[in-house]
Every structure is written in C-alpha cells, then in structure tokens.
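what would the 3D arrangement of this be:
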Amino acid sequence: MSGHFALLKRLIDGSPSSDFIREEIRKMDAGVRGEERVFKRLRELRLAGEFRVFSDVCLVLDDWKVQIDCLVVTDRCCIVLESKNISGRLYFNEELDDFYKEENGTETPIFNPYFQLMRHIRFMKEFLRNTLPQMKVTGAVIMTAKSCRIMQKPTHYPIYKLESMVERVTQIYNSSGSEIFSVGELEVVEKLLLENRSAFEYPPLCEYYRIHVSEIRLGVECPGCGVLGMRRTGKTWTCPSCHKRDRNAHKKAVDDYFWLINNKITNRDFRKFCMVDSIYVASRMLSNMELQMHRAGGKTYYTKK
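Numbers count the residues shown, from 1 in each chain. Below is the predicted model:
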C-alpha cells in the first residue's frame, strides 16, 4: 500500500480522486487483515497426510499474473483459498451471477469472488501441468469479516465463513480421492512455488486509476514534517518549513515517481518532479542511486534494478 499512501499524499487539494483512493486504501487494509485471520486460523488445521500452507502467493505464467491469498498444498490436492473481508448482509444470485451487499438499507454491487477463485484454480492447474498434472486443484472463498451475514448462499459456490474454514478444508481434503503424493513430490511443488514467486506489481497508479499527472503535487518530501518542496542547497536538502536537512531525501521522491507516474525516469523527469534546476546535479544524484541505467537512441533513462 506504500504507493497508494504516496498517491494520496501527492494529490492536489480538491482532487476528485482523493476520496476514492482513501476508500481503496481502506479496502486493501481490510483485505490484509482478512488474510491474516485466514492464515492464523489455518494453524489449527490437522490433516491425515502432509501439507504446506503458503500465503500471498504471486505467480506469473507468460502474461498471466495472479495474486492468490492462500494455498494449501496437500498430499491429495491443492486448495486455493480466497479471503474476502466484506461486512454487511451478503447476497449471491447464482442464476444471474450477481453478488451484492446490503448495509444501512443500501444495496452495493460487488465483483463476484467466485469467478476470481475459478480463475486462480485454472491458473494453478496450468502452473502444475508440467510438474504434477495429476494433482487435483480445488478451492473456496472465505468470508472473513466478523460482521458479515450470508443471507442468500448459492448452491454450487464454495463460499464459507471463517469460523467453518478448517472443517471445510478438511472436508475438501477428505473427499479428494485416494491418490497420495509423496513427500518428495510435495517438496517439488513447494520448490516450484518458492522459485517462481514474484512481487505483485501494479502499473503506475496514475495510469491504473486514470488520474491525470496534473493532479500530482511535485517536490521532495521532508522526512521530518512531511511537507513537500524541500530545497536543494549545496549537497543536501533543506525543508523550508521545519528546516530539517537530509542528503538523501530525493530517494523517496524517485520511489514515488515510479509508483505513480512511470517505471522509468529521465534526467528531465527527475528535475521536474524533484524541482531541481541543474542537469549535472540531477545526473549525479541519479547515478548515485541504486538504479539501472539504460541508453537507447542517444537517450538515457533509469529504472529500478
């Protein structure tokens, strides 16, 4: 969520995007807390055979990227668990593939988590195809909010509340057939998951949320008081508000630029975003950062390593 906080910090006063980004941060924070509840509850899981639990699994197959909340890899099957921390009275309309919540008399449509689960199950089947194609992949959606009530539950969707999760996972395991995979085969799957895990990367958030860059405030943020607009004096930055001095304050500004604007930065971009006048000073600061330098057609730009 670091990028989202940076975005909220830099949005100009009165930006129509501010309330929306605050709500996005709230949802993400709720999601993280829900995933933590799932992982904590899974400590109670006891199965007849070997199993491994993985949380926040980010994987890529060609251009197909997924972020799976939890995987339980057992000696009988692979179980995908998607956690949803949604409060209120929840309704699933299986006939219309519709999902919405009712809270304080207001109905709010929500993306149906069942289809996210199905996509992730399909992904894991493809991911295991060359290693252990005979392993069954299944899963469930776990509703983690303490205040949620499932008022209309679909017959064929595996959607359960957190308190029943351990029992439901045990049922899935026990009904997964008689084929037993060896400890060695499970270790192969574990190694495959660990070797292929990658950080989930958003595109630049202005692009992702369609926010015009003119809504983004420029300047280097003071690490002391948080004011944007530190001034470069000699070889250090000075805050005009609290007068704190910091030689490396521009590094966070470059991180913000990557989060918000673009995944590559030029000398000109750096000067504009950090409000630096000198080409040579900007070049020195960029060269001294842990960035990857690229040259193409006489132009130089930098990316994260």
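
ok, residue 243 - how many residues close by?
Applying other C-beta atoms under 10 Å, we find 10 residues neighbouring residue 243. Any C-beta I mention is one placed from the backbone N, CA and C, and that applies to glycine too.

quick one: it and residue 260, what's the gap?
Noted for residue 243: a distance of 27 Å to residue 260, by C-beta to C-beta, to the nearest Å.

go on, residue 239?
Relative to residue 260, and taking C-beta to C-beta, residue 239 is found at 21 Å.

please apply the same query to residue 208.
10 Å.

looking at the two, which has the bigger crowd around it?
Between residue 208 and residue 260, residue 260 has the larger neighbour count (other C-beta under 10 Å), namely 24 against 12.

got the contact list for the residue nearest the centre of the chain?
Nearest to the mean C-alpha position of the chain, by C-alpha atoms, centre = their mean, lies residue 200 at 5.7 Å. Residues near residue 200 by C-beta atoms under 8 Å, 6 or more residues apart in numbering: 58, 65, 67.

what residues are up against residue 123?
59, 61, 64, 66, 68.

can you map out the helices along the stretch 201-305 of the chain?
205-208, 250-260, 267-274, 279-287 (DSSP state H, counting those that start in this stretch).

next one: the stretch 1-150 of the chain
Going by DSSP H, counting those that start in this stretch, the stretch 1-150 of the chain shows helices at 2-10, 18-41, 113-127.

residues near residue 4, how many?
Residue 4 has 19 nearby residues by other C-beta under 10 Å.

if I look at the spatially closest residue to it that is not a sequence neighbour, how far off is residue 202?
Once flanking residues are discounted, residue 4 sits nearest to residue 25: 5.1 Å by C-beta to C-beta, 6 or more residues apart in numbering. For residue 25, the distance to residue 202 equals 13 Å [C-beta to C-beta].

could you do residue 92 as well?
Distance from residue 92 to residue 202, by C-beta to C-beta: 29 Å.

and the gap between residue 26 and residue 112?
21 Å.

of these two, who's got more company?
Taking other C-beta under 10 Å, residue 26 and residue 112 do not tie; residue 112 has more neighbours (21 against 10).

the more surrounded of residue 92 and residue 202?
residue 92 (21 against 11).

my understanding was that that one contacts residue 157; is that so?
Yes. Contact status for residue 92 versus residue 157: in contact at 6.2 Å, counting by C-beta atoms under 8 Å.

what's the burial count for residue 61?
If we define neighbours as other C-beta under 10 Å, then residue 61 has 12 of them.

doesn't residue 127 make contact with it?
Yes. At 6.3 Å, residue 61 counts as touching residue 127 under the criterion of C-beta under 8 Å.

about what we covered before: tell me which of the helices of the stretch 1-150 of the chain sits nearest to residue 85.
helix 18-41 (3.2 Å; C-beta to C-beta).

show me what the closest one is packed against.
helix 2-10, strand 51-61, strand 64-74, strand 77-84, helix 165-174 (3 or more C-beta pairs under 8 Å, 6 or more residues apart in numbering; DSSP states H and E).

ok so, going back, shared neighbours of residue 92 and residue 157, anything?
By C-beta under 8 Å, 6+ apart, the residues touching both residue 92 and residue 157 are residue 114.

please parse the chain into its domains.
2-196, 218-304 (automatic domain parsing).

closest one to residue 212 among those?
Of all the domains of the chain, domain 2-196 comes closest under C-beta to C-beta, at 9.3 Å.

tell me the pLDDT at the residue of the chain positioned farthest from its centre?
What lies farthest from the middle of the chain is residue 234; by C-alpha atoms, centre = their mean that is 39.0 Å. Among the per-residue scores, residue 234 shows a pLDDT of 88.

no more questions from me, cheers.
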